[in-house]
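Undergrad: coords please:
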Amino acid sequence: MTLRFSVLASGSTGNAMYVETDQHRLLIDAGLSGKKMNELFTQINRDPKELDGILVTHEHSDHIKGVGIFARKHQLPIYANAKTWQAMEGHLGQIETAQKFHFEIGESKSFGDLEVESFGVSHDAAEPMFYVFHHQGRKLTLATDMGYVSDRIKGTIKGSNMFVFESNHDINMLQMGRYPWSIKRRILSDVGHVSNEDAAMALSEVITDETKRIYLAHLSMDNNMKDLARLTCEQVLQQQNQAVNEQFELYDTDPIIPTALTVV
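TA: So this is what the prediction gives:
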């Protein structure tokens, strides 16, 4: 039995990730339209009707835009913590009570042979959290939308076989860019987003011999570029004596093109 995943979409315009074992299939966030979500599933040759549920990380629109319509169309349960439910419920449309489930920070839930562990992050949402997926000794981490990476988070995610990890912005591009100062300050704050440099420094502390792939995620369309994020991450990891491109490799994610369905 194997654990597989695809980053369906990643960026400020919409986020979604798909995780499966031989027995269970989960969607994490649905930050694009229902139509676009269906297209993404077609591209990875999977049927959303076979999903077991949607896990929500937080209520920002680039993570929940399609959650309501997707859940209604495919009769899917939705899992989120109490504060996120309170913050997002008015944005989802009518959701049947039977489709609403609570999944709190620090909790683990079993979906058959797939164990999902949640952890809190620092971000300007009601109670944002992300997930570590465990299956037969394999470990996959999804961690984006973080103002900083705490020691607690590092302890939770350390030793993952694969990471989907925020590398949101280049600091110089952000500071010199067109955003108003209020937005720049929010992005750079402890409840904003992780920069390329900070992402790489955090990753250098959680990579182990078990780590094989790192997907740089949630890149800003205005304040970052794939090549720049990857190059910065490579340079910092090399400075930290990490065997990037030898022991493990870096991969891009995209706002509209899914990554290949990959075995963890």
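Undergrad: Go ahead and confirm Asn245 touches Leu237.
TA: No - counting by C-beta atoms under 8 Å, Asn245 stays clear of Leu237, with 9.3 Å between them. For glycine as for every other residue, the C-beta is placed from the backbone atoms N, C-alpha and C.
Undergrad: Quick check on those two: which one has the bigger neighbour count.
TA: Just comparing Asn245 and Leu237: by other C-beta atoms under 10 Å the higher neighbour count belongs to Leu237, 21 against 11.
Undergrad: and the more buried one, what element?
TA: helix 226-239 (DSSP states H and E).
Undergrad: quick one: that helix to chain centroid distance?
TA: 20 Å (C-alpha atoms, centre = their mean, to the nearest Å).
Undergrad: Do a quick rundown of the strands in the stretch 1-150 of the chain.
TA: Counting by DSSP state E, counting those that start in this stretch, the stretch 1-150 of the chain has strands at residues 4-9, 16-20, 25-28, 53-55, 78-80, 100-102, 108-111, 114-120, 129-135, 138-143.
Undergrad: got the ones you listed as a markdown table, with distance to Thr156 and mean pLDDT columns?
TA: A markdown table is the format used below for those (distance: least, C-beta to C-beta, whole Å; pLDDT from 0 to 100):
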| stretch | distance to Thr156 | mean pLDDT |
| --- | --- | --- |
| strand 4-9 | 18 | 98 |
| strand 16-20 | 17 | 98 |
| strand 25-28 | 16 | 98 |
| strand 53-55 | 16 | 98 |
| strand 78-80 | 18 | 98 |
| strand 100-102 | 20 | 98 |
| strand 108-111 | 11 | 97 |
| strand 114-120 | 5 | 98 |
| strand 129-135 | 6 | 98 |
| strand 138-143 | 8 | 98 |
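Undergrad: Switch the ones you listed over to a markdown table; also include distance to Asp151.
TA: Output for the strands of the stretch 1-150 of the chain, formatted as a markdown table (distance: least, C-beta to C-beta, whole Å):
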| stretch | distance to Asp151 |
| --- | --- |
| strand 4-9 | 26 |
| strand 16-20 | 25 |
| strand 25-28 | 24 |
| strand 53-55 | 24 |
| strand 78-80 | 26 |
| strand 100-102 | 27 |
| strand 108-111 | 20 |
| strand 114-120 | 12 |
| strand 129-135 | 16 |
| strand 138-143 | 14 |
